[in-house]
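Novice: Need coordinates for the following:
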Amino acid sequence: MATGEAPCNNKRSYQVVIAATKDMGLGMNMKLPWDLPREYQFFQDVTTKTSDPKKRNATIMGRKSWEATPLDIRPLPGRLNVVLTKSSCLSIATNENVLVCNSMESALELLATEPYSSSIEKVFFIGGGELLRHYMNAPNCDAIHLTEIDISVPCDAFAPRVDTCLYRPWYSSFPVVENGIRYSFNTYVRSKNPIAVSDFICCETEDYSFLPKMVFERHEEFGYLNLVQNIISNGDMNDNNTLSKFGCQMRFNLRKTFPLLTTKKVFWLGVVEETLQLISGSTNPKEEGTNHIWNSNEANEYLDSLRVNATEEDGDHPLLFGLHWRDTDARLVLSQFSKLSDFINKIKNNPHNRGIMLPCQTFAQFYVANGELSCQIYQSSTEASLVIPFCIAAYSLLTCIIAHVCDLVAGDFIHVIGDAHVNTAHIKAIQKQLQISPKPFPILKMNPEKTNIDHFQASDLELLEI
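Specialist: Predicted coordinates for the structure are as follows:
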């Protein structure tokens, strides 16, 4: 059901747009305790822009929020302003941009009737604090756009915290610093039913087009989708069966979600086992004590779904070489990861060392700042359809595990690729994938009791909401 339509209970659904401090503080004495022009512009863009130029959006606010709005922008231009008040003596200059309702329920019911049901595209609720306590996590709220401001200042108005049992992150921006204040833009969408099938993601269709277009398109999976689209549309033809692009980069935020792609099946258990195998320093998948997951029934089911033949004599299909951890540089990989304790010690005790690197066929560099661990990898050449999604997940997992044992927060994962290529035989499958809309990334949960990197097992790593 689109947001522009009335729900079956004859009320419009809505989205919350607010900015709040670490303690969910909204302001003091009806004023904002910060000056963040980019944050205000985000609020303007989200609440004003429409997909249909013939429509406009509605903003619902309480009486105090109305009175706190500066006179030069009151009513908020380009939007229908709906003011909630039970007072009969409130003086509001009536014009085509202002409605007065005595409750949230009556406002949502009114907006579900003509002429508003056909002229209002989206409905946004912007506060204040007392009303947010009742309606921020209410059933008719589709999404919450929360600017999380990394400060603690005295406030006399507060919003409730996002109920993570009801909502899951859709998008979280990389931190922004403005006027000395660090903050990030975050969107949470109401949870759908879990869609876990076996150990990889089921690509059922879920519609999140109710989100503002500028927010919908910020989902980080579009970075990957745009990459493969660019390769098959504009790539250079090599060897008559390969298209490639040179010099590609993707960036993923690991602070709230985990970048396991949702528009194609990714073998999560295989990612976990290969990552733990790398950490253990093993380069032999059949070494005693190592679970060669690619021989499992789950792997065969995954490969069958991709129409990949997994019956090679050695059990390793050439399309599934993961991160090349068992390739020609195996000895170098082993020599580096056998010193993993020294590597972690450097992150813990000398985090600003510029040489926190893991040189192998995939060159990885780590960086510590603001209590966060980020990782950038460089791959000279890699296949885009099957291997890149695996690499994104595996190196993101490695970063999260190392951050956890170093008592840091996982930050950014940057994936730089020299030659990203696609076999022409995969183009139809990619074109089909490009028709699928992304869903919210899952959330990685790690066993908090595991503080030694050598003690992690697959059961200590769980993806939520997949």
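Novice: what sits against Asn345?
Specialist: Asn345 makes no contacts at all, as judged by Cβ atoms under 8 Å, 6 or more residues apart in numbering. (Each C-beta comes from the backbone N, C-alpha and C, glycine too.)
Novice: For it, give me the backbone phi and psi.
Specialist: phi -60, psi -40 (degrees, to the nearest 10).
Novice: how far does the longest strand seen in the chain sit from the chain's center?
Specialist: Ranked by number of residues, the top strand in the chain under DSSP state E is strand 409-423. Centroid separation between strand 409-423 and its chain, computed with Cα atoms, centre = their mean, to the nearest Å, is 16 Å.
Novice: Stretch 174-189 too?
Specialist: Counting by Cα atoms, centre = their mean, stretch 174-189 is centred 14 Å from the centre of its parent chain.
Novice: who touches Ser51 in this structure?
Specialist: Glu121, Lys213.
Novice: For Tyr378, I want the exact helix or strand it lies within.
Specialist: strand 372-383 (DSSP states H and E).
Novice: Can you list the strands that that strand pairs with?
Specialist: Paired neighbours of strand 372-383 in the sheet (DSSP bridges): strand 362-369 (antiparallel), strand 409-423 (parallel).
Novice: Lowest average pLDDT across these?
Specialist: If the strands paired with strand 372-383 are sorted by mean pLDDT, strand 362-369 sits at the bottom with a mean of 89.
Novice: rewinding a little: tell me which residues of the helix or strand just after the longest strand of the chain come out buried.
Specialist: Downstream of strand 409-423, the first helix or strand assigned by DSSP H and E is helix 427-433. Residues Ile430, Gln433 are the ones in helix 427-433 that count as buried (16 or more other Cβ atoms under 10 Å).
Novice: Show me what the spatially most central residue of the chain bridges to in the sheet.
Specialist: The chain has Tyr171 as the residue nearest its centroid, 4.1 Å off, counting by Cα atoms, centre = their mean. Beta bridges link Tyr171 to Thr187 when assigned by DSSP bridges.
Novice: and what of the one 5 residues further on?
Specialist: On the basis of DSSP bridges, Val176 is bridged to Tyr183.
Novice: Surely it touches Tyr183?
Specialist: Yes. Using Cβ atoms under 8 Å, Val176 is in contact with Tyr183, at 5.8 Å.
Novice: And the contacts of the strand holding Tyr378?
Specialist: 255, 319, 347, 361-368, 388, 391, 395-396, 398-399, 402-403, 406, 408-423.
Novice: packing partners for the helix or strand following it?
Specialist: Sequence-wise, the next helix or strand downstream of strand 372-383 (DSSP H and E) is helix 387-405. In this structure, helix 387-405 makes packing contacts with helix 221-234, strand 242-253, helix 268-280, helix 340-349, strand 362-369, strand 372-383, strand 409-423, strand 443-446, judged by 3 or more Cβ pairs under 8 Å, 6 or more residues apart in numbering; DSSP states H and E.
Novice: how much does helix 387-405 deviate in direction from helix 340-349?
Specialist: With axes from the mean of the first three to the mean of the last three Cα atoms, to 10 degrees applied, the angle from helix 387-405 to helix 340-349 works out at 60 degrees.
Novice: what are the C-alpha coordinates of helix 387-405, in CSV please?
Specialist: Extracted in CSV, the C-alpha atoms of helix 387-405 (Å, rounded to 0.1, in the frame of the first residue of the first chain):
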residue,chain,number,x,y,z
VAL,A,387,32.5,-12.6,-6.0
ILE,A,388,32.1,-8.9,-5.1
PRO,A,389,29.0,-9.6,-2.9
PHE,A,390,30.9,-12.3,-1.1
CYS,A,391,33.9,-10.0,-0.6
ILE,A,392,31.8,-7.1,0.8
ALA,A,393,30.3,-9.4,3.4
ALA,A,394,33.5,-11.2,4.3
TYR,A,395,35.7,-8.1,4.8
SER,A,396,32.9,-6.3,6.6
LEU,A,397,32.6,-9.3,8.9
LEU,A,398,36.3,-9.3,9.5
THR,A,399,36.2,-5.6,10.3
CYS,A,400,33.3,-6.1,12.8
ILE,A,401,35.1,-8.9,14.6
ILE,A,402,38.4,-7.1,14.9
ALA,A,403,36.5,-3.9,16.1
HIS,A,404,34.7,-6.0,18.7
VAL,A,405,37.8,-7.6,20.2
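Novice: Kindly calculate the angle that that helix makes with helix 268-280.
Specialist: Interaxial angle, helix 387-405 versus helix 268-280 (the same axes, to 10 degrees): 60 degrees.
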